[in-house]
Structure formats: structure tokens, C-alpha cells
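Participant: Okay, here's the prediction I keep looking at, along with the sequence it came from:
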There are 2 protein chains.
Amino acid sequence: MKRSKPLQAALMATPEEIEAQFYEALHQGDIDKLMAVWSDDDDIACAHPGGARVHGHAAARSVFEMMFAQGGVAAQPLQVRRTACGGSVAIHHVLQSVAVKTANGPDTACMLVTNVYVKTPRGWRLMVHHASNGSADELEAPAERGAALLH
Amino acid sequence: MKRSKPLQAALMATPEEIEAQFYEALHQGDIDKLMAVWSDDDDIACAHPGGARVHGHAAARSVFEMMFAQGGVAAQPLQVRRTACGGSVAIHHVLQSVAVKTANGPDTACMLVTNVYVKTPRGWRLMVHHASNGSADELEAPAERGAALLH
């Protein structure tokens, strides 16, 4: 269903709330909800495994629209390690699982995600999303590396 | 040769100078020079293709020591797109080539690197280095995507 106007992220949302909306939008395959988490800055950047890095809203939207062509994405943040950089930038190091289809049936892949959030007049928004393939070992014993558990 | 005291990065170095030192240290396989570019913060983070993400100086040092066991790394920044986040954080989106050995002989791989720099009392330092595999297509026509040329 095409909405008459784009969804907004909550006014004065925290980085945690924006990240929660990002993953909710991925699950639902909801492009408007997903695009609402980004900063308005033309320099927003998005990189996924196997793809080029893109900048700006139009290019980022295209990437996620292609991703959602088959429906939502079963990505799940398993751990998040947060670093505050001054009062206006927050870096989230996310260890993420994602359901994938392989020749041997459904499987779970591990991804390393760096999300950078910036404080804007409307609240925190996503500036950078860099996702890359991690090692499956990390899904088995993530707590051993001392990262903070999300759940 | 083991140095009696670690190399320092230049006092009040800019993000550009720190990035130049990072790539110089990679080329030279110089672990002290490379570690000097990082922030003192325990939350520094480093992720490379095929490896786990590590945090902190000791873990980052181990990763690069293993990398340098065979000598320097012929990595070359081809393009850098820079984003200032307030006055104390700078994000560099680097398109990087790296010489690799394959079954068919030497080749050049493309990598997408996100470097996050923070302003410290001693000058700018590296906080996050996230490198992942890019597509070889990017090495052929990088200028088409409108990123700023480094050289």
C-alpha cells in the first residue's frame, strides 16, 4: 500500500529507538518506515555485502526497495556495543543474524554492522549503515568477546 | 627492529594526516606506527573481511600483527568521501584497492572502508576501522558514482 505521506521517526528519538525502528522496518519490508530513520543529510551512507556503497536518500531508498522486493528481511540484532562520541554522535557496533536461503535449505548468517547516529534538531537519526559478512563462529559464542547483550 | 618507545602520531594531526599515516604503516608493516593512529579509547573497533570485530588496543594490535606476519599490506585509498559530524567526529568513506594473491596469480581486490575519527586533546585519532569486500566493478568506474577523488 502506498502511503499518502511518508512515515516519520519519533520526534527526539534516541539512537536506540531509531535502531529499533530500523530493524522493525527491515522485518516488515516497510520502505517508508525504514527511510524515516535516516538523517536528512545528503552524505548518509549505506553499504551491504556484495554491493557498492551508496550515498544520499534516493540511492539508499533504491537499495532497500530492491532488498524488499521479496518481502521483509529477517535480520536480528544479537549484540550491540555502543560508543558515545561527544554529545552529538553515537556509534553502534551491532552483531546481527540474518535468515538466508542456501542450496541446502534455510540457514542463519552472521553480519557485522556499524551504525553511526547523529543528533539532529528532530532527534537522533542514522548517518551510516555499513554491514559486512561476519564469521559464523560469532553466532555461537558472542558473549565471550565481552560485548554488551542487547536482550 | 623493536623500538625502545612506541611511535606517536603527530600532535594535533588532522583526520587526513592520521589516515595517511595509517596507510603508510600498512605499506611498511609497521605495527607501532599503525597503532599510534588510534584513539586511546578502549572502545576503538576494528573489523576486516572474514574476521571477528575486535575492540581495544590489545586486540586491534593482535589483528594487525597477524596481518603483518607476511610483511606490509599493499592497500591504497582510491577515493575518500569525508563527512564532518559536528566539530569532533569525522567519517571517511574510503574506496580502497588491495593487492591479493590468488590461484591465478596476483590480483587487485576492492574494499569498502568506513573510518571514524574523533578529536582528542592530542589531535584527531582513529576510533573505528570497518573494512569489507567491495565489488570489483567499483575499481573500474569509481568516478561515476560522484565520490571525491583523493588523487
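Facilitator: All right, it came through fine.
Participant: Tell me how many other residues crowd A:Pro49.
Facilitator: A count of nearby residues for A:Pro49, using other C-beta atoms under 10 Å in any protein chain shown, gives 17. Where C-beta positions appear, they are placed from N, C-alpha and C, glycine not excepted.
Participant: Next, it: secondary structure please.
Facilitator: Of the three states, A:Pro49 takes coil according to DSSP: H, G, I helix; E, B strand; the rest coil.
Participant: Kindly report the same for A:Glu65.
Facilitator: At A:Glu65, secondary structure determined by three-state DSSP is helix.
Participant: Next, see if the top helix by length along chain A gets close to chain B.
Facilitator: The longest helix of chain A (DSSP state H) is helix A:15-28. No. Helix A:15-28 lies apart from chain B when judged by C-beta under 8 Å from any C-beta of the partner chain; the minimum separation is 13.0 Å.
Participant: Write out the residues of chain A neighbouring chain B.
Facilitator: A:41, A:43, A:45, A:47, A:49-55, A:81, A:83, A:85-86, A:88-89, A:91, A:93, A:95, A:112, A:114, A:116, A:118, A:127-128, A:130-135, A:137-138, A:145-147.
Participant: how about a cut-off of 6 Å?
Facilitator: Chain A comes close to chain B at residues A:43, A:45, A:47, A:52-53, A:83, A:85-86, A:88-89, A:93, A:112, A:114, A:118, A:130, A:132, A:135, A:138, as judged by C-beta under 6 Å from any C-beta of the partner chain.
Participant: Looks like A:Glu27 contacts A:Gly72 (just checking).
Facilitator: Actually, residue A:27 is His. It isn't Glu. Yes. If you go by C-beta atoms under 6 Å, A:His27 and A:Gly72 touch, sitting 4.9 Å apart.
Participant: where do the contact lists of those two overlap?
Facilitator: Overlap of the contact sets of A:His27 and A:Gly72 (by C-beta atoms under 6 Å, 6 or more residues apart in numbering or on different chains) is empty.
Participant: Tell me which stretches of chain A form strands.
Facilitator: A:45-47, A:54-55, A:75-85, A:89-102, A:105-120, A:123-133 (DSSP state E).
Participant: Relative to B:Ala10, which of the ones you listed is closest?
Facilitator: strand A:75-85 (21.1 Å; C-beta to C-beta).
Participant: Could you tell me the angle between that closest one and strand A:123-133?
Facilitator: 120 degrees (axes from the mean of the first three to the mean of the last three C-alpha atoms, to 10 degrees).
Participant: for the record, mean pLDDT for strand A:75-85?
Facilitator: Strand A:75-85 shows an average pLDDT of 95 in the prediction.
Participant: Now do the buried residues in it.
Facilitator: A:Ala75, A:Gln76, A:Pro77, A:Leu78, A:Gln79, A:Val80, A:Arg81, A:Arg82, A:Thr83, A:Cys85 (16 or more other C-beta atoms under 10 Å in any protein chain shown).
Participant: confidence score at the spatially closest residue to A:Gly56 that is not a sequence neighbour?
Facilitator: Using C-beta to C-beta, 6 or more residues apart in numbering or on different chains and skipping residues adjacent in sequence, the residue nearest A:Gly56 is A:Asp42, 5.1 Å away. Confidence at A:Asp42, expressed as pLDDT, is 93.
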